[in-house]
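**Student:** structure of the sequence below:
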Amino acid sequence: MFDKSEKAFPAKRNNVFLAHCAISPMQRHAKEAAQEFLDAMTEGGISRLPAFYKLLPKFHQKCASLFKTDAGNISSVHNTAEGMCLIANGYPFQPGDEIISYVHEFPSNYYP
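**Tutor:** I've put the predicted structure just below:
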């Protein structure tokens, strides 16, 4: 189960976040993992990267388990706009297909 507690998200102690995809607070474990990565890069630079190579396949496997699919069906992109561009430029849309979108969507997600 995904931990949404105040312990995992300290920002919840004094705030309520609604529809905050662009500016969400960082989960405590994510902060600790990022700090571990930054410490390794500070101390050894690129020579420390191999220790982190296993993380992306592990992430794909955990996401696949969550969505009840195969890890090969999971992909990672830098942000929503990049993902939307990949779909817009790669999906086999046909004449007459319709796309339903949120009226207040970010332009970078809407224009592709």
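
**Student:** for the rest of this, base every contact and every neighbour count on C-alpha atoms.
**Tutor:** Will do.

**Student:** surely residue 40 and residue 47 touch.
**Tutor:** No: Residue 40 is beyond contact range of residue 47, at 9.0 Å (criterion: C-alpha atoms under 8 Å).

**Student:** with neighbour numbers in mind, choose between the two.
**Tutor:** Ranked by neighbour count (other C-alpha atoms under 10 Å), residue 40 and residue 47 place residue 40 first, with 17 against 10.

**Student:** name the SS class of the more buried one, please.
**Tutor:** Using DSSP: H, G, I helix; E, B strand; the rest coil, the structure places residue 40 in helix.

**Student:** grab the nearest non-local neighbour of it.
**Tutor:** With sequence-adjacent residues excluded and distances taken as C-alpha to C-alpha, 6 or more residues apart in numbering, residue 40 is closest to residue 48, at 6.0 Å.

**Student:** now for the one you found, how many residues are close by?
**Tutor:** Counted with other C-alpha under 10 Å, residue 48 comes out at 15.

**Student:** and it, what pLDDT?
**Tutor:** For residue 48, the pLDDT comes out at 95.
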